[in-house]
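In: Build me a structure from this.
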Amino acid sequence: MTTTEHSLAGPALAPLRLARERFLAGRPLPDGIPEEVVAAWRRARFFGVPHDLKEPSADPVHPVESALLDAARPVLERIAPALGRGRSALVLTDERLRVLWTAGSVAALAPWPDLSERAVGHNSAALALRTRRRAEAHGPEHFLDRWQDVSAVSVPVSAPRTGQTLGTVTVASQLCAGCPPHPGAALAEAAAAAVEAELLARARPPERVLLDAYLRAAHRPDAAVAALDGLSRLVNGAAERMLTPESLQALERTAVAVRHREDVPADAVLPEGAGCTARITPVCRDGAAIGIVAVLEPLADAPPPAPRPAVALVGRSVPWRHAVGRAVELARSREPLLLTGERGTGKTALARELLGERATRVVDAAENGELDRALGELARGRPLLLRHAERLAQSGVAALNTLLDAHPEAPLLVTHTPGAPPGPCLQRLLDTLAARSVTLPALRERPEDIRELLPALAPRPAPGRPPLTWALDALRALERYPWPGNVTELAHVVRALAEHRRASGPVRRAELPDPVRDGPAIRPLSPMEHAERTTILEALRRHGGNKARTAAALGIGRATLYRKLRGYRG
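Out: Presented below is the predicted three-dimensional model:
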């Protein structure tokens, strides 16, 4: 399976085509086939998708109303003429991969109303939805016979206020001979960015109405208030202390029911044991309900609030839940474990949670004297948390490799921040630990977790001071900022606001630090510039910020790269 980072060149498709034939025949696969491609084929077989499927088994039930389609249709209709006659197709799906709109034509794709893996097996739209980034699929990577001569690139479309993935935009064509990237990649990026811009333009007025209703209800310091519209939510500190995740989901279901003009209950039905009641008031705009404000009251015999979860375990996004779940599974045994990821992603914090109450030695790799003593204790069975393996001196790497050769099941937990290419000894250590390694996603790859991280990162307020709450414009700015320092950087911003803020009420965007408030680009970018900028920044990240290697990978000169970066800053 291919993405902007890993895309198969044309010649590489021949062995993949042979591997697919062997897979379908139940024969052993040759070496060198990407595991993610084989996993996609296995999922298709598990779902019972026939590889020789000729037509969909049943049409999916399409939504009666689609805000995504309403916003996207005029945008895509303006872009569709760029496809060229009879050569490409432009496809819009919703979050369940139901096809909402198509233009152009590729014979193998029409008519096809559902692009979910359960219906058709692996494809670029399903991959983009799962990874939340641009994705490609070419020829034999697809499970279906009818798509063996199709190449496609898909880009997720995100909600402007919450970052929630609403659907995908796909450009499909006949099989590309010179991938990567797909020749329609820039068009797909531009189309998705233009749809998101249109969604943002349509979202602003209702958002302001919801915010005003929230501020009116939360004017009393002791009021516990939540405002929700099914897509975003505002919860003040008093309400946050009362609401369990299950109660919050119940309020969101009520908000969705209100938006669909169902009867509005005076009180929300909260789960048993919620410990509070919720009085509901609909929020209306132009005579139509757009959400609710819930005022919470504690029950007389309510249990005490549960302690806040550790920051290292906060997050419901798919990338974070997958990484933490994998780490927890591996940590059940006392064998070595490697946590990798960018600086500030929470590797050490998660490591401490995994180790729990065990008497563990914690050593920074740069402290050679401490490391020597810790390795001796490790050999005798005492758990060791070794931070920053990239800082290991040559002698330390050699000693650790020797110890692991003699004690392959030593209770060792290592954190590593990729950067400069590792030397041969460190690379050997990383290779030894690779089978039991977990990569923590960067914060920019899980922006939907920011709203849960904010209360966990904020220090407990001093007596008489309200906890931090956040206005919608501030939340949007926080979710759009790329956070090069990840959770650590976010924690510094939150703590600085908690300690030095003098204003009352929710934190507004104007109070945020300049880089966060202004966003990653100072001047407005066109959809095409946004797509180009995203591609360049992703390449810079992959190459550790090295502009020479980035320019070479993108096929442009260094002077051109510098000029483009300056242009984005206006």
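
In: contacts, neighbours, all on C-alpha from now
Out: Noted.

In: What's the separation between the most centrally placed residue in the chain and Thr165?
Out: Residue closest to the average C-alpha location in the chain (Cα atoms, centre = their mean): Arg446, at 3.2 Å. When distance is defined by Cα to Cα, to the nearest Å, Arg446 is 11 Å away from Thr165.

In: Could you give the number of residues near Ser151?
Out: 27 (other Cα atoms under 10 Å).

In: Confirm that it sits in a strand.
Out: Yes - counting by DSSP: H, G, I helix; E, B strand; the rest coil, Ser151 is located in a strand.

In: wait, what's in contact with it?
Out: Shown in contact with Ser151 (Cα atoms under 8 Å, 6 or more residues apart in numbering): 136-139, 172-176, 182.

In: so what's it bridging to?
Out: His138, Ser173 (DSSP bridges).

In: picking up where we left off before, take the contacts of Ser151 and write them to CSV, including pLDDT and neighbour count.
Out: Formatted as CSV, the contacts of Ser151 follow (pLDDT from 0 to 100; neighbours: other Cα atoms under 10 Å):
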residue, pLDDT, neighbour count
Glu136, 92, 31
Ala137, 92, 27
His138, 91, 31
Gly139, 90, 24
Ala172, 91, 31
Ser173, 89, 27
Gln174, 87, 20
Leu175, 87, 19
Cys176, 80, 18
His182, 86, 27
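
In: show me what contacts Leu565?
Out: Arg533.

In: That one sits in which helix or strand?
Out: helix 558-568 (DSSP states H and E).

In: Just give me how far that helix sits from the chain centre.
Out: When distances are taken as Cα atoms, centre = their mean, to the nearest Å, helix 558-568 is centred 28 Å away from the chain's centroid.

In: would you list every one of the helices in the stretch 401-550 of the chain?
Out: In the stretch 401-550 of the chain, the helices defined using DSSP state H, counting those that start in this stretch lie at 424-433, 450-457, 472-480, 486-500, 514-518, 527-542, 547-554.

In: ok so, going back, nearest to Leu339, of the contacts of Ser151?
Out: For those, the minimum distance to Leu339 (Cα to Cα) is 27.9 Å, reached by Glu136.

In: Kindly confirm my reading that that closest one forms part of a strand.
Out: Yes - counting by three-state DSSP, Glu136 is found in a strand.

In: how many other residues sit next to the residue nearest to it when sequence neighbours are not counted?
Out: Closest residue to Glu136 apart from its sequence neighbours, by Cα to Cα, 6 or more residues apart in numbering: Val153 at 4.3 Å. If you count neighbours by other Cα under 10 Å, Val153 ends up with 31.

In: Tell me the spacing between the residue lying closest to Ala89 once chain neighbours are set aside and Gly184.
Out: Nearest residue to Ala89, sequence neighbours excluded (Cα to Cα, 6+ apart): Gly104, at 4.3 Å. Distance, Gly104 to Gly184, by Cα to Cα: 13 Å.

In: Name the SS class of Trp234, please.
Out: Quick fix: residue 234 is Leu, not Trp. Here Leu234 takes the strand state, with states given by three-state DSSP.

In: pretty sure it is touching Ala226, no?
Out: Yes - with contact defined as Cα atoms under 8 Å, Leu234 reaches Ala226; the gap is 5.5 Å.

In: Can you show me the CA trace of the helix or strand hosting Ala351 as PDB?
Out: Using DSSP H and E, Ala351 falls within helix 347-355. C-alpha atoms of helix 347-355 as PDB (Å, rounded to 0.1, in the frame of the first residue of the first chain):
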ATOM      1  CA  LYS A 347       7.900   8.600  25.400                       C
ATOM      2  CA  THR A 348       9.300   8.900  29.000                       C
ATOM      3  CA  ALA A 349       5.900   9.600  30.500                       C
ATOM      4  CA  LEU A 350       4.400   6.500  28.800                       C
ATOM      5  CA  ALA A 351       7.400   4.500  29.800                       C
ATOM      6  CA  ARG A 352       6.900   5.400  33.500                       C
ATOM      7  CA  GLU A 353       3.200   4.400  33.300                       C
ATOM      8  CA  LEU A 354       4.100   1.100  31.700                       C
ATOM      9  CA  LEU A 355       6.600   0.300  34.500                       C
END
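
In: Next secondary structure element downstream of that helix?
Out: Moving toward the C-terminus from helix 347-355, the next helix or strand (DSSP H and E) is strand 361-364.
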